[in-house]
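Asks: Provide a 3D model corresponding to the input given below.
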Amino acid sequence: MRTSEHASGRRRRRIHSEQFKAEAIAACRQPGISIAAAALARQINANLLRRWVTDAERAAAGTAAAISGPAPAPTQNDGFIALALPARDADIAPIQIEIRRGKLTLIVQWPRPAMHECVVWLRDVLR
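Replies: The predicted structure is shown next:
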C-alpha cells in the first residue's frame, strides 16, 4: 500500500510509505524532471515533495560528514583576507558632461577622482 489516510475529526492526513517517498525523491533527481511534475504525477503537493527532497539531501550530507569525520578546527589564518583588485576602466575613465544652451554646446571631461569639485563647478555654471 502506497499511502494510507487517518481521519481525525474533519481533517484527513495521508501518510506515505518510505518506499513511496524514496521513489518520488528518485524521480526528482532524473534529468529534465521538475519537482512539480513529479509531484503532479504522484498526486501530492509539490511543497511536500520539495521538503522530502531537502530532508533527504540533509540526511545524505549528514551521513557524508559522519563518514569523513569532524571538520578540522579553524586556525587563526582562516579569516577574511582583503585583496586589492585592479581598477576597472569605469573607475579611472573621466566624467564627460555635455551642456547645451541654444546653439552653444559645452563638453567637459573631468577626472573621476575629483567628482566633488565637478559637482561644485557644475552647480556654479548652471546658475
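Asks: Name the residues of the helix or strand in which A39 is found that are buried.
Replies: Using DSSP states H and E, A39 falls within helix 35-42. Buried positions in helix 35-42, judged by neighbour count with 16 or more other CB atoms under 10 Å: I35, A38, A39, R42. Using the backbone N, CA and C atoms, a C-beta is placed for each residue, glycine as well.
Asks: again, but for stretch 16-35
Replies: Buried, per 16+ other CB under 10 Å, within stretch 16-35: H16, F20, K21, A24, I25, A27, C28, I35.
Asks: so how far is the first residue of it from its last?
Replies: In stretch 16-35, first residue to last residue: 17 Å (CA to CA, to the nearest Å).
Asks: Could you tell me how far it lies from the centre of the chain?
Replies: From the chain centre to the centre of stretch 16-35 is a distance of 24 Å (CA atoms, centre = their mean, to the nearest Å).
Asks: oh, and call the first residue 56 from now on, that's how I've got it
Replies: All right, first residue 56 from here; so that's stretch 71-90.
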